[in-house]
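J.: build the 3D model from these lines:
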Amino acid sequence: MRPLVLEAPTKQLSKHLQTYQPANFDEFVGNISLLMPLFDTMKNVVFFVKDDQACYRLVSKTLIRRSGLKNKKALIGLTTEQVFLESQGKDYLNQDLRVLREGREIIDKLELHSYASGQLGWCITQKTPIYDVENHIVAMVGISVDIDEDNERILRKHARLASVDQYVRDNLDQKINIGQLAKLANLSQSQLERTFKAVLNMSPIQFVQKMRLEHAIRLLANHKLTVTQVSLNCGYGDHSAFSRQFKQFTGMSPVNFRKIHFKEP
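T.: Predicted structure coming up:
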């Protein structure tokens, strides 16, 4: 069975940070900076620390490469609006500000990032507010772990999940519920949840959402299809529901995503 990437060491660190209260922001950054050489070795992990204005203050090398910037200094002081595509960057900034101003922790959120470099990538994201000794939020830590793109190779080693995978692929235009998938795998729903988390680092629901969005992106490349037709082919009876969920994952509407990534010839 594949090791839990989120559990060692990134998720454990996130848990510890929830109880760590530094004297101030500078103390926190000084302590966390000692871990940056470790995060710089993790090519599938984006790690960052932001100040209370949602500006990057510590970043791992992976984020530098994907942003298209030359070095860490070029990224320090920027917000997500300046690193990601415009509409997605604004959504991420609003997300950051909710964490920083309201203390809303983000846990295991499935996201499709569109970096300024043009790179697309699925990841599971966590964002944790950092409180000082006076219980004021002074910083935020973010960790995004890439989802293994070679799911077919991984699933071949897990016959029960492979059957679920094939069923989802064959029925993306239909409604799919977790009860169906658990029955297909001959597992209880809780067993299915645990198995998906252990093998693919995502829940069954997140897996279905990911597959639908990937299918939608492939269909959006065909300019002969309207967004309504794309939504129907991806199992959404309601065009607006499709657009809302697409924007939730990508930070932009299907129409804007098509304009940016699939320009008409």
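J.: helices or strands next to the helix or strand containing Gln191 in the packing?
T.: Element membership of Gln191, judged by DSSP states H and E, is helix 189-200. Using 3 or more Cβ pairs under 8 Å, 6 or more residues apart in numbering; DSSP states H and E, the elements in contact with helix 189-200 are helix 151-155, helix 159-170, helix 178-185, helix 204-220. In short, each C-beta sits where N, CA and C put it, glycine included.
J.: so which of those helices comes closest to Tyr56?
T.: The closest approach between Tyr56 and any of these, judged by Cβ to Cβ, belongs to helix 204-220 at 26.5 Å.
J.: tell me which residues are up against that closest one.
T.: Here helix 204-220 makes contact (Cβ atoms under 8 Å, 6 or more residues apart in numbering) with 110, 112, 122, 124, 147, 164-165, 168-169, 172, 176, 178, 181-182, 192-193, 196, 200, 202, 225, 227, 229-231, 233-235, 242, 245-246, 249-250, 254, 257-258, 261-262.
J.: name the next helix or strand downstream of that helix, please.
T.: From helix 204-220, the next helix or strand downstream (DSSP H and E) is helix 227-233.
J.: which residue is nearest the centroid of this protein?
T.: For the chain, Glu111 is the residue whose C-alpha lies nearest the centre (Cα atoms, centre = their mean; 2.9 Å).
J.: ok so that one is a strand residue?
T.: Yes: according to DSSP: H, G, I helix; E, B strand; the rest coil, Glu111 belongs to a strand.
J.: how much space between it and Ser144?
T.: From Glu111 across to Ser144, the span is 7 Å (Cβ to Cβ, to the nearest Å).
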